[in-house]
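Student: structure for this input, please:
(one chain, ligands or ions: 2)
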Amino acid sequence: MTIEILPPRLANQIAAGEVVERPASVVKELVENSLDAEATHIEVQVERGGQKKLLIRDNGGGIDKDQLVLALSRHATSKVHSLDDIESIATLGFRGEALASISSVSRLTLTSKPAEQAEAWLAYAEGRDMQVQLRPAAHPIGTTVEVADLFFNTPARRKFLRADKTEFHHIDELIKRLALSRFDVGFALSHNGKSIRNLPRCHTDAAKLKRLQMICGAGFCRELIQIEQDAGTLKLSGWLLKPMACQVQNPSQYTFINGRMIRDKVVTHAIKQAYSNVIADTSLAGYVLYLDLPFDQVDVNVHPTKHEVRFIETRLVHDFVVQAVEQALQQTQLNVDDGPHS
Ligand code: ADP
Ligand code: MG
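Tutor: Ligands and ions are numbered 1, 2, ... in the order given. Just a heads-up that it's a prediction; the model follows:
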């Protein structure tokens, strides 16, 4: 038996297995990078369900010419400098793996122009040898990442891709979730050259409701309870569908924890428990809820995709969510009950 260090490309491809499952996972990593770069507008172009091309363009801070190559290498990040940083992580990314992983399984072009740099530069990397080529380019302030031929060199992965329509549906679902997590950022999504979603930045509550309606549907927005519960360190806000309106299959069910889109078992269970007092089938409960708690009360570094979290005080979080949702639901029940008299 001989022990050998994996060549970089192979190491990246193995890491890609964890992070890059399908086109939607590429979009997630790249849009999160744009959000971390403080972009206020993000455009996502998809061709053939993302199997042919994915293009993410932002107006964020950009990457310096001399950092472009570094940005594409593994464990290269500007977001974490010590283990302590991980404990209080505020950015969406931090592993420094996404660009390296994606470029190892696609043909990736990274074009960027920071505000303080006179011209834009482009870095091109292709799975085969991980050699990066640099050349000048034309680009406004911000960054564009183009990912072509995803999984061209990993046939096993490619085989698991579904029909274009299905892969695009996953991307659309992701954009919806991201757009619900950042009302202050504009999003545009197109498929095969056709505009599918255009969500301008929201500066007012009315604009927020409009976005909510564009994402969750008009039916959802007609029967809403707004919730805003603050118990010191724990905060729950967002919207609940009125119990009497919980009648349609597949209602919008979105939860966010500290701004990250996370579907957590503890939180979901708590919401359903609260709804179980007022509706028989809790799978029909509709909600868009934002839970905020101190960074040191939750561990986001559980899985590379960061879809999961671990709470330090699970019970406390669970009971707070139950009580907050129950109270909001009860409030409307009362209003309904006194309705005719008032
Ligand atoms: P991570 O996000 O975990 O740091 P990535 O591989 O996703 O790792 O990105 C590597 C680095 O490249 C980031 O830390 C950031 O400095 C830079 N970067 C990536 N995308 C963008 C972008 N859209 N705008 C500005 N900088 C970016
Ligand atoms: Mg990242």
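Student: point out where the stretch 101-250 of the chain drops to low pLDDT.
Tutor: The model of the stretch 101-250 of the chain has pLDDT under 70 over residues 127-130.
Student: interface residues of it facing ligand 2?
Tutor: Listed as neighbours of ligand 2 in the stretch 101-250 of the chain under the rule Cβ under 5 Å from the ion: no residues. Using the backbone N, CA and C atoms, a C-beta is placed for each residue, glycine as well.
Student: which residues in the stretch 101-250 of the chain form helices?
Tutor: 155-159, 164-181, 205-216, 218-222 (DSSP state H, counting those that start in this stretch).
Student: so is the second one next to ligand 1?
Tutor: Which is helix 164-181. No. Against ligand 1, helix 164-181 shows no contacts by Cβ under 6 Å from any ligand atom, the least distance being 13.8 Å.
Student: and the contacts of that helix?
Tutor: For helix 164-181, contacts defined as Cβ atoms under 8 Å, 6 or more residues apart in numbering pick out 22-24, 27-28, 31, 35, 44, 46, 48-51, 161, 185, 187, 189, 191, 196-197, 199, 211-212, 215, 254, 256, 259-261, 288.
Student: among these, which ones are buried?
Tutor: 22-24, 27-28, 31, 35, 44, 46, 49-51, 161, 185, 187, 189, 191, 197, 199, 211-212, 215, 254, 256, 260-261, 288 (16 or more other Cβ atoms under 10 Å).
Student: got the domain boundaries for the protein?
Tutor: Following automatic domain parsing, the chain resolves into domains at 8-199, 217-335.
Student: any idea how far the residue positioned nearest the centre of the chain lies from ligand 2?
Tutor: In the chain, the residue lying closest to the centroid (Cα atoms, centre = their mean) is Leu178, at 4.6 Å. Look at Leu178 and ligand 2: by Cβ to the ion, to the nearest Å, they are 14 Å apart.
Student: same thing with Gln273?
Tutor: In this view, Gln273 and ligand 2 are 35 Å apart by Cβ to the ion.
Student: what does Ile227 give?
Tutor: From Ile227 to ligand 2 the distance is 31 Å (Cβ to the ion).
Student: quickly find the element holding the nearest residue to that residue once chain neighbours are set aside.
Tutor: Distances taken as Cβ to Cβ, 6 or more residues apart in numbering place Ala328 nearest to Ile227, at 4.3 Å, with adjacent residues excluded. Ala328 belongs to helix 314-338 when assigned by DSSP states H and E.
Student: returning to what we had before: can I get the domains of the chain in CSV including distance to Met1?
Tutor: Formatted as CSV, the domains of the chain follow (distance: least, Cβ to Cβ, whole Å):
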stretch, distance to Met1
domain 8-199, 18
domain 217-335, 28
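Student: which one of those lies nearest to Thr2?
Tutor: domain 8-199 (15.3 Å; Cβ to Cβ).
Student: got the residues of the chain near ligand 1?
Tutor: Counting by Cβ under 6 Å from any ligand atom, the residues of the chain lying close to ligand 1 are 29, 33-34, 37, 58, 60-63, 71, 76-79, 93-100, 143.
Student: return the subset of those residues lying in helices.
Tutor: The members of the residues of the chain next to ligand 1 that map onto helices under DSSP state H are 29, 33-34, 71, 98-100.
Student: check the residues you listed against ligand 2, which are close?
Tutor: 33, 98.
Student: now, the most widely separated pair of the ones in helices among the residues of the chain next to ligand 1?
Tutor: Ser34 and Ala100 (17.4 Å).
Student: so how many other residues sit close to Glu126?
Tutor: 19 (other Cβ atoms under 10 Å).
Student: wait, it sits on Arg107?
Tutor: Yes. If you go by Cβ atoms under 8 Å, Glu126 and Arg107 touch, sitting 4.9 Å apart.
Student: the helix or strand containing Tyr290 vs helix 164-181, what angle?
Tutor: In this assignment (DSSP H and E), Tyr290 forms part of strand 287-292. Counting by axes from the mean of the first three to the mean of the last three Cα atoms, to 10 degrees, strand 287-292 lies at 50 degrees to helix 164-181.
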